[in-house]
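Trainee: sequence and computational prediction follow.
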Amino acid sequence: MTVDEALAELAALEDPKARTVNERHGDPHGVNLTKLRALAKTIGTDQDLARDLWASGDVAAQLLALLISKPKQYTADELDTMLRTTRSEKAHDWLLNYVVKKSPHETALRNRWFDDADPRVRAAGWALTTHAVTKADLDRDDLLDRIESEMKDAEPKLQWSMNETLATIGIEDEARRARAVQIGEDLQVLADYPVSKGCTSPFAPIWIAEMVRRREG
C-alpha cells in the first residue's frame with residue numbers, strides 16, 4: 001500500500017462522531033480506533049510506509065504508522081524527533097508503548113528525556129522509568145525524593161507519569177511502600193479523580209493498597 005492509498009483509506013473512515021469523542025481526549029482526528037486497528041492489520045508491518053505516514057503530519061496517519069512500525073528499525077534520534085512532534089495524546093502514549101519500549105534505545109531515551117526542559121518530553125522519561133523501575137537497578141529513594149518535591153506542581157501529563165512511578169514503587173517494593181503511600185497522602189495528587197464503578201482510583205494510596213490486596217489474595 002502506498003502512502004496516498006493509506007491516507008485515502010483513513011479519509012474514508014472519517015466519522016464526525018468519532019472526531020468529537022477523540023478531540024475531547026486530546027486526539028484531533030475522526031477515525032474510530034477499532035477501524036484504525038483493522039486497517040493496520042490489513043496492511044501488516046511496513047516500516048517504509050510507517051515513516052511516510054508519520055511524515056504526513058496527519059494524526060490518524062501517525063497512529064496507523066505506530067501500529068505498522070518495526071520498533072527496532074528506528075534510530076534513537078528518529079524516536080526523539082517523533083516524540084517532540086506528536087500532536088496527539090494517543091500518539092504520545094502509543095509511541096512509548098508500541099515502539100520505544102520495544103526498541104533497543106529505551107534506556108538511552110529514558111535518560112535523554114528524564115530531565116528535559118519540555119514537560120511532555122519529561123513525562124515520557126518518567127513513563128519509561130515506570131516501565132524500568134521493576135527490572136533495572138534504579139535509585140528508588142532518589143525517585144521518591146523527586147516525586148515528593150516535584151509532582152504536586154507538575155504539568156498534568158508529567159504529573160500523571162510521576163504518579164504511575166510512585167504507585168509502581170509502592171506496589172513492587174515492600175520496603176518503600178509506606179513512604180510511597182505517605183507521599184501520596186501528603187500530596188493528594190489525583191485524590192479526587194473521577195473513577196467509574198469497578199475501576200481502581202489512580203490516587204496512589206488507593207491504587208497501591210488495591211494491587212497489593214489482589215496479589216496477596
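Mentor: That came through fine. All values derive from a computational prediction rather than experimental measurement.
Trainee: mind listing what the closest residue to Pro119 other than its chain neighbours touches?
Mentor: The shortest distance from Pro119 to any residue other than its chain neighbours is 3.9 Å, reached at Glu155 (Cβ to Cβ, 6 or more residues apart in numbering). For glycine as for every other residue, the C-beta is placed from the backbone atoms N, C-alpha and C. Contact criterion Cβ atoms under 8 Å, 6 or more residues apart in numbering gives Pro119, Arg120, Ala123 as the residues in contact with Glu155.
Trainee: any idea how far Glu155 lies from Arg122?
Mentor: Here the criterion is Cβ to Cβ, to the nearest Å. By it, Glu155 lies 8 Å from Arg122.
Trainee: over to Leu49?
Mentor: Leu49 is 31 Å from Arg122, by Cβ to Cβ.
Trainee: same check, this time on Arg84
Mentor: With the distance defined as Cβ to Cβ, Arg84 ends up 12 Å from Arg122.
Trainee: which of these two has more residues huddled nearby?
Mentor: Set Arg84 next to Arg122 and count neighbours by other Cβ atoms under 10 Å: Arg122 wins out with 21 against 13.
Trainee: go ahead and confirm Leu39 touches Leu10.
Mentor: Yes. Leu39 is in contact with Leu10 according to Cβ atoms under 8 Å; the separation is 7.4 Å.
Trainee: what are the contacting residues of the longest helix anywhere in the chain?
Mentor: Taking DSSP state H as the criterion, the chain has its longest helix at helix 156-172. Where contact means Cβ under 8 Å, 6+ apart, the residues beyond helix 156-172 that reach it are 89, 92, 119-120, 122-124, 126-127, 129-130, 133-134, 140, 143-144, 146-147, 150-151, 154, 176-177, 180-181, 183-184, 189-190, 202, 204, 207-208, 211-212.
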